[in-house]
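# Sequence and computational prediction follow.
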Amino acid sequence: MTEFLTAQTSGTQLTISLRNDWRFDNVALLVDELESLEPGQAREITFRCGGLREFDLAGAWVLYDKSLDFEEQGYESRFEGFQAGHLKFLQNIIDVAAVNEYDPDFFNPPPRHRVRERLETVGAATNRGFEAVGHITRAIFDGVRRPTLLMVGETLRQIHETGVRAIPIVMVITFLMGIVLAYQASDQLAKFGVTIFVVDLVSNSVLREIGVLLAAVMVAGRSGSAFAAALGTMKLNEEIDALQVMGLNPNQILIAPRVLGLTLAMPFLTVFGDLAGLAGGAFICVTVLDIHWVQFYDRVASSVGMTDLWVGLIKAPFFALLIAATGTLRGMQVQGSAEELGRLTTLAVVQSIFLIIIADAFFTVLFSRMGI
Amino acid sequence: MPEACEVIPQTSTDGPRNEHVIRVRGLVNRFGRQVVHDGLNLDVRRDETLGLVGGSGTGKSVLLRSILGLHRPNAGSITVLDQEIHYRQPGPFRQWGVLFQGGALLSGLTVQENVELPIALHSNVPVDLRRELACLKIFMTGLTLDAASKYPNQLSGGMRKRAALARALALDPKILFLDEPTAGLDPIAATEFDKLISYLQKNLDLTVVMVTHDVDSLFNICDRIAVLVDRGIVVDRTERIVDNPHPWIQSYFGDPRARRARKATQNHVQRQ
C-alpha cells in the first residue's frame, strides 16, 4: 500500500485500487509505483479507479501505458469504477493512441559517420565559397555596368556610414596604438642610446601595417556586422523578395553599393589612421622623449618615403573587399530564424578579421620578396 | 486493448462549478494621458470559454498581458486560481498555458523539443516519459511525428499554431489563454482550429480565455463574450450580447459578416 495505489491479490485476480491525485505533478512518483507492481500468480488485472481525486492526461497516459504493458505480458487488464469526468481523459488517450503510432526510436538519431560528415561539410562550404565569390562579382558588375541613380545615392550613403562615421573611432584607436608603439620602442632603443630611432620604428610600422590593419579590424567590427545583420533582417522580413518582385535587383541595390562604398572609403580611412598613429608617436616623442617636433618631422621625412605610404594604402581596398564580401554574403545566407541571424553575424565578423590577417601576411611576404 | 467499463456519475471534487478562476478587480491601465482601462472588473468562470473582443486600442492585449503578469497595471488586483498576479513575478505556470499570436515557438528547437521544454523545466519526469507525454500533446493537436521532428520555420502557419497549442497544453493546464488563435488562417483551417479548441476544452475541462476578431469563432465556441467598451467591459452570454444596446456592440454584431456568422450558428443549432 502506497500513496497512490493499493494492490490486492485473490487467486488469479489482482485488483489495483487507485487513489489521490493522478496528475502531472506526481507523474514521476506514479511511474515508480506502477513499476514496482508484481502481478505474480494473477492472470487478470483490474484497475479500480473510483478513489481517484484529480486525473489528467499525464496520469491517464501512465495508467494506460501500464495496462498496455500488462496486456503485452499476457495478462488481462481492465478498468472499472471511473467517474464520468475521469473517463474522458482515458478515452482521449485511447483515441489518440489508436490513430497515431508512437515510435520511441523516431527521435533517436541513427549512428553518425563523423569523418564522412566532416568531409561533406568541408565540401559544401567550399562549394558555397566559390558560389559566393561568383555572386559578389556578379553583383558588382551588375552595379557598375548599369549604374542607376538609386545605386549611386546608396553608395554615397554607405561611404558616409562606413567611412566618414568611422573616422573618430579609427583615429582614437590608431593614436593610442602610436603611443603604445613609441613607449615600447623607447624602452628597448634607450638601452642602445638610439632613442631617435623610435621615430623610424613608429612611422614605418604605422604607415606599412598598423594604420591599415587597425582601421580594417575596426571596420570589420563596425560595418561587417552591420552588413550581415541588416541584410539578414531584410531577408527574414522578406524585404529582399519584395525588391525582387518589384523588378529591382537586390544584388545591384544592396550588395554592390556596400562593397563599392566600403572599398572607396577604406583608403581614406587608412590615411586618417596613419595620421593619428603618427600623431600618437609624435606626442610621446615630444612630451616624454625630449625630441623636438621639428626634429621628429625631419626624421619622419628621411626615414619613410612614399613607398611606405603606398604599401599600407594598397592593402586598404583589398581588406575592404574582404570585409564587405563576407558581411553581405553571410547576411544573404540568413534563413528562417533569429538564431541563424545571430550566428551568421558573428561568423561574418570573425571570418572577415581572419581573412584580413591572412591577406596581410600574404602582402607582407609578397612585398618583402619584391624588395619594397 | 483494455476496456473501460462501469461508470460512476461524476461527484464534484473540484468545488462549486461556477467558481471564478480569474478575478480582475478595479484594473486601471494608462499610457501617458490615454486611459485604456478605468476600473475594469472581470470574472472568468471555471470550464467556460470566454471570448474577448473590442475595437483596436481598447486594450484587449493589455488586459491579457496584465492577467499573465507581462504588463504592470497602474492599479487594480488580479487573481488567477486564488493566486495574486504581480508583474514579472512567478504566476501559476503549471496551471495555465498560453498560445501567443505568432505561436512564439523557440526557433532553435524542433516542435518536439519545444513541447518537451516546459515539461523538462517543471518536473523531474524521466526522458522517455517526457518524450511520450510531449508526443501525446502533439498528436492531440492533430500533428504527426513527422511534423514533431521539424523546426518551426519548416511548418505552415496552421501547423505552427497547432504546435504552439501543443506546447501550451504541455503541463496539462487548467486555463488556456489564446491570443487571436485563428488570425492568419484560411477559413477552413480556422474552423478546424475552432473545433480543435472546443474539443480540447470539453475533453480536458479547460477554462479558455480567447482574444479574437473572428466572429465565427465567437459564435462557434464561446459561452460568454466580453466586449471592451468605454474603458470598461460588458460581459454577457453569447446569444444575449447581440441585443446589448451599446452602439459599438450593435455596430460590431450588426455588421453583415457577423450577422451571417450568427445566422449560420443558429441554423446549426436548430438542425441539431
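Cool, got the structure. All values reported here derive from a predicted model rather than from experimental measurement.

# separation between B:His86 and B:Leu64?
Separation of B:His86 from B:Leu64 (Cβ to Cβ, to the nearest Å): 16 Å. All C-beta spots, glycine's among them, are computed from the backbone N, C-alpha and C.

# Can you tell me the closest non-neighbouring residue to A:Val27?
A:Ala58 (4.7 Å; Cβ to Cβ, 6 or more residues apart in numbering or on different chains).

# Neighbours of A:Arg23, how many?
Neighbours of A:Arg23 under the rule other Cβ atoms under 10 Å in any protein chain shown: 21.

# In contact with the nearest residue to it once chain neighbours are set aside, which residues?
Leaving aside its chain neighbours, A:Arg23 sits nearest to A:Asp56 (4.5 Å; criterion: Cβ to Cβ, 6+ apart). By Cβ atoms under 8 Å, 6 or more residues apart in numbering or on different chains, A:Asp56 lies in contact with A:Trp22, A:Arg23, A:Phe24, A:Phe89, B:Asp172, B:Leu204.

# likewise A:Ile167?
A:Leu269, A:Phe272.

# average pLDDT across stretch A:120-132?
The pLDDT scores in stretch A:120-132 average 84.

# what about that stretch, distance to the chain center?
Taking Cα atoms, centre = their mean, to the nearest Å, one finds the center of stretch A:120-132 at 18 Å from the center of the full chain.

# May I see the buried residues of it?
Applying a neighbour-count criterion of 16 or more other Cβ atoms under 10 Å in any protein chain shown, one finds A:Ala132 buried in stretch A:120-132.

# Would you mind writing the CA trace of that stretch as CSV?
What follows is stretch A:120-132, C-alpha atoms only, in CSV (Å, rounded to 0.1, in the frame of the first residue of the first chain):
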residue,chain,number,x,y,z
GLU,A,120,30.7,16.6,-46.6
THR,A,121,30.7,19.8,-44.6
VAL,A,122,34.0,20.9,-46.0
GLY,A,123,32.9,20.1,-49.5
ALA,A,124,29.7,22.0,-49.1
ALA,A,125,31.5,25.0,-47.6
THR,A,126,34.0,25.1,-50.4
ASN,A,127,31.2,24.9,-52.9
ARG,A,128,29.3,27.8,-51.2
GLY,A,129,32.6,29.8,-51.1
PHE,A,130,33.0,29.6,-54.9
GLU,A,131,29.3,30.3,-55.4
ALA,A,132,29.7,33.3,-53.1
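
# Give me the buried subset of the contacts of A:Asp56.
So, of those, A:Trp22, A:Arg23, A:Phe24, A:Phe89, B:Asp172, B:Leu204 end up buried under the neighbour-count rule (16+ other Cβ under 10 Å).

# Turn those residues into JSON lines, columns for distance to B:Ser156 and pLDDT.
As requested, these are exported to JSON lines (distance: Cβ to Cβ, whole Å; pLDDT from 0 to 100):
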{"residue": "A:Trp22", "distance to B:Ser156": "36", "pLDDT": "89"}
{"residue": "A:Arg23", "distance to B:Ser156": "33", "pLDDT": "86"}
{"residue": "A:Phe24", "distance to B:Ser156": "30", "pLDDT": "88"}
{"residue": "A:Phe89", "distance to B:Ser156": "30", "pLDDT": "84"}
{"residue": "B:Asp172", "distance to B:Ser156": "27", "pLDDT": "90"}
{"residue": "B:Leu204", "distance to B:Ser156": "25", "pLDDT": "87"}
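
# where does A:Arg78 land in three-state SS?
strand (DSSP: H, G, I helix; E, B strand; the rest coil).

# coming back round to it: and for the residue nearest to A:Val27, the neighbour number?
A:Ala58: 28 neighbours (other Cβ under 10 Å).

# residues contacting it?
Here A:Ala58 is in contact with A:Arg23, A:Phe24, A:Val27, B:Leu133, B:Asp172 (Cβ under 8 Å, 6+ apart).

# quick revisit: quick check: of the buried ones among the contacts of A:Asp56, which lies closest to B:Ala120?
For these, the closest approach to B:Ala120 (Cβ to Cβ) belongs to A:Phe24, at 12.7 Å.

# I'd guessed that closest one sits against B:Leu169; true?
No - at 10.7 Å, A:Phe24 does not count as touching B:Leu169 under the criterion of Cβ atoms under 8 Å.

# re the thing from before, return the member of the contacts of A:Asp56 nearest to A:Gln188.
Using Cβ to Cβ, the contacts of A:Asp56 come closest to A:Gln188 at A:Phe24, 70.9 Å.

# From the recorded domain assignment, give the ranges for chain A.
Per automatic domain parsing, the structural domains of chain A span A:5-99, A:129-369.

# Turn the ones you listed into CSV, including distance to B:Leu40.
Formatted as CSV, the domains of chain A follow (distance: least, Cβ to Cβ, whole Å):
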stretch, distance to B:Leu40
domain A:5-99, 32
domain A:129-369, 35
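
# Just give me the closest of the contacts of A:Ala58 to A:Gln244.
B:Leu133 (44.1 Å).

# ok, then the element right after whichever strand or helix holds that closest one?
Element membership for B:Leu133 (DSSP states H and E) is helix B:127-140. Counting by DSSP H and E, the next helix or strand C-terminal to helix B:127-140 is helix B:145-148.

# What segments of the stretch 51-200 of chain B are strands?
B:75-80, B:83-84, B:96-99, B:175-179 (DSSP state E, counting those that start in this stretch).

# Dump those into JSON lines; add mean pLDDT and distance to B:Gln266 as well.
Output for these, formatted as JSON lines (pLDDT from 0 to 100; distance: least, Cβ to Cβ, whole Å):
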{"stretch": "strand B:75-80", "mean pLDDT": "93", "distance to B:Gln266": "34"}
{"stretch": "strand B:83-84", "mean pLDDT": "90", "distance to B:Gln266": "39"}
{"stretch": "strand B:96-99", "mean pLDDT": "92", "distance to B:Gln266": "28"}
{"stretch": "strand B:175-179", "mean pLDDT": "94", "distance to B:Gln266": "24"}
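
# Let me have these in a markdown table, extended by mean neighbour count.
Shown next, in a markdown table, are the strands of the stretch 51-200 of chain B (neighbours: other Cβ atoms under 10 Å in any protein chain shown):
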| stretch | mean neighbour count |
| --- | --- |
| strand B:75-80 | 18 |
| strand B:83-84 | 12 |
| strand B:96-99 | 22 |
| strand B:175-179 | 23 |
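
# Which of B:His86 and B:Leu64 has more residues huddled nearby?
B:Leu64 (20 against 12).

# Contacts made by stretch B:240-247 with the rest, please.
Stretch B:240-247 is contacted by residues B:Arg224, B:Ile225, B:Val227, B:Val229, B:Val234, B:Asp236, B:Ile249, B:Gln250, B:Phe253, B:Arg262 when judged by Cβ under 8 Å, 6+ apart.

# can you do 6 Å?
B:Ile225, B:Val229, B:Phe253 (Cβ atoms under 6 Å, 6 or more residues apart in numbering or on different chains).

# burial measure for the last one, as a count.
With neighbours defined by other Cβ under 10 Å, the count for B:Phe253 comes to 21.

# repeat for the first one
The local packing count at B:Ile225 equals 26, with neighbours defined by other Cβ under 10 Å.

# Could you identify the helix or strand that succeeds the host helix or strand of it?
According to DSSP H and E, B:Ile225 maps onto strand B:224-229. Along the chain past strand B:224-229, the next helix or strand (assigned with DSSP H and E) turns out to be strand B:232-237.

# With just CA atoms, put that next one into PDB.
This file holds the C-alpha atoms of strand B:232-237, laid out as PDB (Å, rounded to 0.1, in the frame of the first residue of the first chain):
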ATOM      1  CA  GLY B 232     -14.700  49.100 -19.100                       C
ATOM      2  CA  ILE B 233     -16.100  45.800 -20.100                       C
ATOM      3  CA  VAL B 234     -19.500  44.300 -20.900                       C
ATOM      4  CA  VAL B 235     -19.900  40.600 -20.400                       C
ATOM      5  CA  ASP B 236     -22.900  38.500 -21.400                       C
ATOM      6  CA  ARG B 237     -23.800  35.100 -22.800                       C
END
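
# Include distance to chain A when you put the strands of the stretch 51-200 of chain B into CSV, please.
Putting the strands of the stretch 51-200 of chain B into CSV (distance: least, Cβ to the nearest Cβ, whole Å) gives the following:
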stretch, distance to chain A
strand B:75-80, 17
strand B:83-84, 15
strand B:96-99, 12
strand B:175-179, 13
